[in-house]
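Colleague: kindly generate the corresponding structure for this input.
(one chain, ligands or ions: 1)
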Amino acid sequence: MSGQDTMLEVEDLVMTYGGFRAVDGCSFAVREGTITGLIGPNGAGKTTMFNLVAGAFPPTSGRIRYLGRDVTDLSTDKRFHLGLVRTFQIPHEFHRLTALENLMMVPPRQSGEGLLANWLSPGRVRADEERVRARAVETLAFLELSHVADERAGNLSGGQKKLLELGRTMMTDAKLVLLDEPAAGVNRTLLRKLEEKIAILNRERGYTFVLIEHDMEMIEKLCDPVICMAEGRVLIQGDFAAVRSDPRVLEAYLGETVGDAA
Ligand SMILES: Nc1ncnc2c1ncn2[C@@H]1O[C@H](COP(=O)(O)OP(=O)(O)OP(=O)(O)O)[C@@H](O)[C@H]1O
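Modeller: Purely as a prediction, here's the structure:
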């Protein structure tokens, strides 16, 4: 992998709610092989941007290109099958399943899903299941979660749940992964582990990441470049040191501190 090819291009994206422009003409590109950080004060439009890129809803205007293809009008599902994946919290109804079962539920397009395939070729379905189980076991080992394989997901700690969410991504053939605040609610020890796993997935397994994060330590450690949004716009893109020291960024965060005393 060259690490230089453009993977995602967002062009003049706008998302309005009523008359309010939550995303107000954003353009940026994500290069293959990077971990790109998306930062900005509360209400900057980061989550809305993720929703647009993942396909949760269509933009008011603008285009999104992924791997050279215009995906603006594609469903979340179709983007998912192209390897553009957004991590989600483990759904509530999955809390009763074990960590291993949670991973085994993920893979799309198993031949076991089709009744016809089941009837025509039960042997293939069994082979598929075995493959999925092996991949889930390997994923838990990679995440150092093997010891909680049979624990219900609902009983895992906040950090273990985040690792499991990352694991759910690893069960797919993801290429570009959108991580929404991976550090939120994770204790320091597991945070280091989470950072380490994200870095390994990036370096050794070819995943490209975009991550929204308020934890600047995590951004500094993992992300280059960093994109800072404020009031629906991209303020600046650059390495962490350049972004952190940019007066516009300081002003945007200061406005947040003064404005949202909470
Ligand atoms: N469904 C919606 N309807 C109306 N306004 C919305 C909707 N979703 C988001 N907004 C508004 O759009 C703006 C951007 O919200 P968004 O959640 O994208 O920001 P954010 O940068 O992710 O913030 P945070 O860091 O606090 O999560 C906010 O002012 C928010 O109130």
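Colleague: what ranges do the strands span in the stretch 101-250 of the chain?
Modeller: Using DSSP state E, counting those that start in this stretch, the strands of the stretch 101-250 of the chain run over 176-180, 208-212, 226-230, 233-238.
Colleague: export those strands to JSON lines and tack on distance to the ligand, mean neighbour count and mean pLDDT?
Modeller: The C-beta positions use only the backbone N, C-alpha and C, and glycine is treated the same way. Formatted as JSON lines, the strands of the stretch 101-250 of the chain follow (distance: least, CB to the nearest ligand atom, whole Å; neighbours: other CB atoms under 10 Å; pLDDT from 0 to 100):
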{"stretch": "strand 176-180", "distance to the ligand": "8", "mean neighbour count": "23", "mean pLDDT": "95"}
{"stretch": "strand 208-212", "distance to the ligand": "7", "mean neighbour count": "24", "mean pLDDT": "97"}
{"stretch": "strand 226-230", "distance to the ligand": "6", "mean neighbour count": "24", "mean pLDDT": "97"}
{"stretch": "strand 233-238", "distance to the ligand": "11", "mean neighbour count": "18", "mean pLDDT": "96"}
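Colleague: make CSV from those and add distance to Val53 to it.
Modeller: Shown next, in CSV, are those (distance: least, CB to CB, whole Å):
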stretch, distance to Val53
strand 176-180, 6
strand 208-212, 8
strand 226-230, 12
strand 233-238, 13
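Colleague: for the lengthiest helix in the chain, buried residues please.
Modeller: Counting by DSSP state H, the longest helix found in the chain is helix 122-142. Within helix 122-142, the residues that count as buried by 16 or more other CB atoms under 10 Å are Val125, Asp128, Val132, Arg135, Ala136, Thr139, Leu140, Phe142.
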